[in-house]
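# test case, fold it:
(2 chains)
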Amino acid sequence: MAKGVKPRVKVPKTASAGEMVTLKTLISHKMESGQRKDSDGNKIPRSIINRFVCAFNGKTVVDVEMLPAISTNPYFQFDAVIPEAGEFHFTWYDDDGSVYETKKKVEMA
Amino acid sequence: MEVTRRDTMAIGGAAVISTLIPSISVASTNELIMGITGGADAAASGIDLTAPEIAENGNTVPISVDAPGAVAVTILAAGNPLPGVATFNFGDGAGSQSATTRIRLAGTQDVIAVAKMADGSFAAVSKTVKVTIGGCGG
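This is a model prediction of the structure:
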């Protein structure tokens, strides 16, 4: 597992039924592209987060496949519809097999 | 005036270069789009790509796409060592088919977004981004 990986998400605490909300996510990760070389000229192996999924009560909002051209500390902003009270489930999948997860509850206003 | 062999070469060479350069870049952009669509033509409307005209740092270039009615949007960077950037698959819970992220660009190049619509058709848009410092190491 890459060191110091910390997911951060911004989700409203409350929403009215059927409301569209904007979500922002950021995860600290160096996203080594596999293109860089170290001081001895050896290629640094690729080590990125290759997939990000956001779901609300089990319903997929967005599923992103990522390639090395995504910047360090991958940031995403997207919209979701909230039909009822529930929980957002954010999941990031690392090249090395680790999975980073975070959850956020949303209540009805 | 007599046309020498050297003149002929110069004229011919210039003509070849001027015709070759634009066709190379256009073809590669089209080829990338075709690679996603599987050879189908992509409409020019129905997708919006927002990217800065000039990016000072190629390591983090903010881009956003908006494609109403799309099920998936693929982002490509034609001038990167690996042209693929990301694919957004929108699910049932999505409020809109739009997303914002930050990408790496190796140098000045075209950023391409291809949307796959719910009815199976495609839409594509490309935008040129000037990059002052490239972002792929090396």
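
# how about the residues of chain A that lie near chain B?
A:20-22, A:33, A:35-37, A:55-56, A:59-72, A:74-81 (C-beta under 8 Å from any C-beta of the partner chain). In this view, the C-beta of every residue, glycine as well, is placed from N, C-alpha and C.

# among the residues you listed, name the ones in helices.
Members of the residues of chain A next to chain B lying in helices (criterion: DSSP state H): none.

# any of the residues you listed buried? List them.
Burial by neighbour count, judged by 16 or more other C-beta atoms under 10 Å in any protein chain shown, picks out A:21, A:33, A:35, A:55-56, A:60-72, A:74-81 from the residues of chain A next to chain B.

# keep only those of those that are in strands.
Among these, DSSP state E puts A:21, A:55-56, A:60-66, A:75-81 in strands.

# what's the host helix or strand of A:Leu26 packed up against?
For A:Leu26, the element it lies in under DSSP states H and E is strand A:19-27. Strand A:19-27 sits against strand A:7-10, strand A:49-56, strand A:75-82, strand A:86-94, strand B:94-103, with contacts defined as 3 or more C-beta pairs under 8 Å, 6 or more residues apart in numbering or on different chains; DSSP states H and E.

# pairing partners for the shortest one, with directions?
This means strand A:7-10. strand A:19-27 (antiparallel) (DSSP bridges).

# please save the CA atoms from the strand holding A:Leu26 in PDB.
Taking C-alpha atoms only, strand A:19-27 is exported to PDB below (Å, rounded to 0.1, in the frame of the first residue of the first chain):
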ATOM      1  CA  GLU A  19     -32.200  17.100  -5.300                       C
ATOM      2  CA  MET A  20     -29.100  17.200  -7.500                       C
ATOM      3  CA  VAL A  21     -25.900  17.700  -5.500                       C
ATOM      4  CA  THR A  22     -22.300  18.300  -6.500                       C
ATOM      5  CA  LEU A  23     -19.700  16.000  -5.000                       C
ATOM      6  CA  LYS A  24     -16.000  16.700  -4.800                       C
ATOM      7  CA  THR A  25     -13.400  14.000  -4.100                       C
ATOM      8  CA  LEU A  26      -9.700  14.200  -3.600                       C
ATOM      9  CA  ILE A  27      -7.300  11.400  -2.600                       C
END
